[in-house]
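> using only what follows, build the 3D model:
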Amino acid sequence: MVRTELKVKAPEGTEIRESETLTQWDIPNLVFTVETDERGLSVHIHAVWVPSRLRGKGIGTAMLKALEEAVAQAGGGVIWGEAFPYTEGKGATYREVRELIRWWEKRGYEPQEDLSLLKDAYREQAKKWDMNPSEIQLGYDEVAHLTWFEKEIPETD
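Take a look at the predicted model:
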């Protein structure tokens, strides 16, 4: 893979930049890294963050569309990532992870793993810890590989 630079025009009041980590929590932002492979651009979304006071207003979707447009204009490729909510290291419940996966699905992104495997991971831990599966919080490292999504982005004519 070859590292590639991608210029993205961020919607007003947001930041979209190439990085692996979020550094601002007060404004909506999206961070990604990009390489080139056999499918064209391979864009890994590391995080989409919208402060809670601004959620539900289409800001995350607008940032995602801006990234998709930049990929299309640059020749197309695939955008991918893991659907895991930011939880300040506390882990996330199955319901929280599943809601985030649904958010990605509504925007045309397809899960790349059988989601029953995700549910099974929570059930197995619940059994091990003798807890209700709905109360279990698993960390990113435990389930992120089961939440992988992607979307093919065609080149703009």
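
> when you work out contacts or count neighbours from here on, use the C-alpha atoms and nothing else.
Noted.

> domain ranges for the chain, per the record?
Per the record, the chain has its domains at 1-82, 83-148, by automatic domain parsing.

> between those, which gets nearest to residue 156?
Smallest distance to residue 156 across these (CA to CA): 5.0 Å, for domain 1-82.

> rewinding a little: redo the domains of the chain as CSV? Include mean pLDDT and mean neighbour count.
Output for those, formatted as CSV (pLDDT from 0 to 100; neighbours: other CA atoms under 10 Å):
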stretch, mean pLDDT, mean neighbour count
domain 1-82, 92, 17
domain 83-148, 92, 16
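
> tell me which of those domains lies nearest to residue 155.
Closest among the domains of the chain, using CA to CA: domain 1-82, at 4.1 Å.

> extract the C-alpha trace of stretch 4-24 and format it as CSV.
Extracted as CSV, the C-alpha positions of stretch 4-24 are listed here (Å, rounded to 0.1, in the frame of the first residue of the first chain):
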residue,chain,number,x,y,z
THR,A,4,-1.8,9.1,-0.4
GLU,A,5,-3.0,12.6,0.5
LEU,A,6,-6.7,13.4,0.2
LYS,A,7,-8.1,16.9,0.4
VAL,A,8,-11.5,17.1,1.9
LYS,A,9,-13.7,20.2,2.1
ALA,A,10,-15.2,20.1,5.5
PRO,A,11,-18.7,21.5,6.1
GLU,A,12,-18.8,24.8,7.9
GLY,A,13,-18.2,24.5,11.7
THR,A,14,-16.5,21.0,11.3
GLU,A,15,-13.1,19.7,10.9
ILE,A,16,-12.1,16.7,8.6
ARG,A,17,-8.4,15.8,8.6
GLU,A,18,-6.0,13.0,8.1
SER,A,19,-5.0,11.6,11.5
GLU,A,20,-5.5,8.5,13.6
THR,A,21,-6.7,10.4,16.7
LEU,A,22,-9.2,13.0,17.7
THR,A,23,-7.8,16.1,19.3
GLN,A,24,-10.8,18.4,19.5
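
> what about residue 13, which SS state?
Under DSSP: H, G, I helix; E, B strand; the rest coil, residue 13 falls in the coil class.

> check the one 4 residues further on too.
Three states are possible here, and by three-state DSSP the one that applies to residue 17 is strand.

> correct me, but it touches residue 30?
Yes - with contact defined as CA atoms under 8 Å, residue 17 counts as touching residue 30 (6.6 Å).
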